[in-house]
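Visitor: what's the 3D shape of this:
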Amino acid sequence: MTPAPTTTGNAPGTTTWVTSPEAVAAAQRMTAARAVGDPVCSLSAVGQPNPSLVPQVGRIGIGHYGDYWCLIW
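Guide: Below is the predicted model:
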C-alpha cells in the first residue's frame with residue numbers, strides 16, 4: 001500500500017512527499033526482478049528506506065510496491 005501524499009509544511013527546510021507514478025512503476029519493476037535498483041530512483045530500498053540517507057530537499061516523489069521502495073528527488 002502506497003502512503004497517501006503528505007505535506008510537511010511550507011516553511012523553508014521542509015520537504016513535501018508525494019506519490020509519484022514513476023516511482024511506483026520503478027518499485028513494481030524492482031519487485032518483478034526481485035532486485036533493488038532502478039535508474040529512475042534517487043534511492044532504492046527493500047524494506048523501509050533509511051531516513052538518514054534522504055536529503056533535505058523541497059520535494060520527494062515516493063513509490064512503493066511489495067517490499068520495494070523508490071524515492072526520487
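Visitor: drop to CA atoms for contacts and neighbour counts, all remaining ones
Guide: Fine.
Visitor: residue 27 looks like it's in a helix, true?
Guide: Yes. Counting by DSSP: H, G, I helix; E, B strand; the rest coil, residue 27 is found in a helix.
Visitor: report the contact partners of it.
Guide: 63, 64, 65, 66, 68, 69, 70 (C-alpha atoms under 8 Å, 6 or more residues apart in numbering).
Visitor: quick one: contacts of the longest strand belonging to the chain?
Guide: Taking DSSP state E as the criterion, the chain has its longest strand at strand 59-65. For strand 59-65, contacts defined as C-alpha under 8 Å, 6+ apart pick out 1-2, 15-28, 31, 69-73.
Visitor: average pLDDT for it?
Guide: Mean pLDDT, computed over strand 59-65, is 96.
Visitor: that strand pairs with which strands, parallel or anti?
Guide: strand 16-19 (parallel), strand 68-72 (antiparallel) (DSSP bridges).
Visitor: count of neighbours near residue 29?
Guide: Per other C-alpha atoms under 10 Å, the neighbour tally for residue 29 reads 17.
Visitor: kindly report the same for residue 24.
Guide: 21.
Visitor: how about it: what's its closest non-neighbour residue?
Guide: Excluding its sequence neighbours, the residue lying closest to residue 24 (C-alpha to C-alpha, 6 or more residues apart in numbering) is residue 63, at 3.9 Å.
Visitor: kindly report the same for residue 38.
Guide: Using C-alpha to C-alpha, 6+ apart, the nearest residue to residue 38 is residue 26, at 6.2 Å.
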